[in-house]
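J.: build the 3D model from these lines:
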Amino acid sequence: MASLSAKEKRFGTGIIAFYLTHTAIFWGYPFVWMVMLAFSRWRFVGRPTFVGLANFLRILQDSNFIRIVLNTLNFLAYLIPMLLISSLIFAIALSRMRYFKTFVLMSFLVANVSSGVAYSIMFSNLFAVNGPLNRIVYSLFGFTIPWFSDPQLAVFSICLIVTWKFVGYYGMIIYAGLQAIPSSLFEAAKMDGASNWKIFWTITLPLLNPSLITVTVFATTLTFGIFTEPYMITGGGPMMRTMTLLIYMYDTAFRRIDPSYATVVAIAAAVMSFSLVIVIRRIFEREVALV
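T.: Have a look, this model is predicted:
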């Protein structure tokens, strides 16, 4: 193979120089600044003061942070099953449609690109105490539902809104997995007398494992990044039950003027999210290996 000429080497260096410069400015510099903030105290003015591990020790004694971690687990308990089940149902329904399949898919994907502020206001009015949904419930059953004033219902309602936003996107991932399953497997199973339910559990679901892992991982990282919906609708209440890690970071950095501690909260959130993703992948992959 002929060696590269000096002109070709300069041309190649010039091409990657843009990428390296972009990486250094928009990834390298923020990463170094994050490390500096984590081990110092800074209030947006002046020079950072080195405090060592004080910020990391503080997070272990922060009752609000512990409360928010429990909130995150509560969101996970609702959001992952809701997203998995609704996306799977959507994908199966989409695969069985003969007409208007593209129109239905695009209609659901519109929610995914909608403004978070806009649909948060829409749902806050829809689920309000005197909103249209409660008026219907009251006219039928004689009571109203405290969608955002009851702590547990508020978490459920926000997860319902997030599910509405992402069911089309995650359903498309599962739909792609369904299309990758050879139709000959279903035909052979039906010839052997297998019921639709047995085909679903023994063929469809195991072969959808890569898509289900993808959706579960996305849903997990999404849970750790929820901000707009609870911030716009409940403000983190009631009783701090819908306060998320991103809201806490925002309040700590810009309302309490403590970006150093907010950086440590961000690092802790990233570590927890990454660790949970690893655990989920190992559980799913182990189950498939056992099968």
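
J.: residues contacting Ser114?
T.: Lys165 (Cβ atoms under 8 Å, 6 or more residues apart in numbering). Where C-beta positions appear, they are placed from N, C-alpha and C, glycine not excepted.

J.: what's around Gly237, how many residues?
T.: As a burial measure, Gly237 scores 15 neighbours (other Cβ atoms under 10 Å).

J.: go on, Trp42?
T.: Neighbours of Trp42 (other Cβ under 10 Å): 19.

J.: which ones are touching the nearest residue to it once chain neighbours are set aside?
T.: Once flanking residues are discounted, Trp42 sits nearest to Pro48: 4.1 Å by Cβ to Cβ, 6 or more residues apart in numbering. Contact partners of Pro48, counting by Cβ under 8 Å, 6+ apart, are Met36, Leu37, Ser40, Arg41, Trp42, Ser260.

J.: now, the most widely separated pair of the residues you listed?
T.: Comparing every pair within the contacts of Pro48 by Cβ to Cβ identifies Met36 and Arg41 as the most remote, at 11.0 Å.

J.: show me just the buried residues among the contacts of Pro48.
T.: Leu37, Ser40, Trp42, Ser260 (16 or more other Cβ atoms under 10 Å).

J.: could you check how far Pro30 is from His22?
T.: Look at Pro30 and His22: by Cβ to Cβ, to the nearest Å, they are 12 Å apart.

J.: again but with Phe200, I slipped
T.: Counting by Cβ to Cβ, the gap from Phe200 to His22 is 46 Å.

J.: what does Ile68 give?
T.: 34 Å.

J.: the two - which one has more neighbours?
T.: Remark: of Ile68 and His22, Ile68 carries more neighbours, 24 against 11, as counted by other Cβ under 10 Å.

J.: what sits against that one?
T.: By Cβ under 8 Å, 6+ apart, the neighbours of Ile68 are Met240, Met243, Thr244, Leu245, Tyr248.

J.: on that earlier part again, mind listing which of the buried ones among the contacts of Pro48 are in helices?
T.: Within those, membership in helices is found for Leu37, Ser260, as judged by DSSP state H.

J.: which among the buried ones among the contacts of Pro48 gets closest to Phe274?
T.: Once Cβ to Cβ is applied, the member of those that ends up nearest Phe274 is Leu37, at 19.7 Å.

J.: wait, doesn't that closest one sit right on Tyr261?
T.: No. Leu37 lies out of contact with Tyr261 (Cβ atoms under 8 Å); the separation is 9.0 Å.

J.: from Val264, how far off is Phe56?
T.: 6 Å.

J.: can you check Thr23 too?
T.: 24 Å.

J.: and for Thr202?
T.: Taking Cβ to Cβ, one finds Thr202 at 48 Å from Val264.

J.: show me which of these two is the more surrounded one.
T.: The residue with more neighbours, out of Thr202 and Val264, is Val264; 25 against 14, by other Cβ under 10 Å.

J.: what's the nearest residue to that one if we skip its chain neighbours?
T.: Asn55 is the one closest to Val264 (Cβ to Cβ, 6+ apart), at 4.4 Å.

J.: ditto for Met172
T.: Leu105 (6.5 Å).

J.: mind exporting the strand or helix carrying Leu133 as PDB, just the C-alpha atoms?
T.: Assigned by DSSP states H and E, Leu133 falls within helix 132-141. Below are the C-alpha coordinates for helix 132-141, written out as PDB (Å, rounded to 0.1, in the frame of the first residue of the first chain):
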ATOM      1  CA  PRO A 132     -62.600  19.200  31.600                       C
ATOM      2  CA  LEU A 133     -61.500  15.700  32.800                       C
ATOM      3  CA  ASN A 134     -62.600  16.300  36.400                       C
ATOM      4  CA  ARG A 135     -65.900  17.800  35.200                       C
ATOM      5  CA  ILE A 136     -66.600  14.600  33.300                       C
ATOM      6  CA  VAL A 137     -65.600  12.400  36.300                       C
ATOM      7  CA  TYR A 138     -67.800  14.500  38.600                       C
ATOM      8  CA  SER A 139     -70.800  14.400  36.300                       C
ATOM      9  CA  LEU A 140     -70.500  10.600  36.100                       C
ATOM     10  CA  PHE A 141     -69.400   9.600  39.600                       C
END
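
J.: quick one: name whatever helix or strand follows it.
T.: Assignment by DSSP H and E places the next element after helix 132-141 at helix 151-179.

J.: after that next one, next one along is what?
T.: helix 183-191.

J.: for that next one, buried residues please.
T.: Result for helix 183-191 [16+ other Cβ under 10 Å]: buried residues Ala189.
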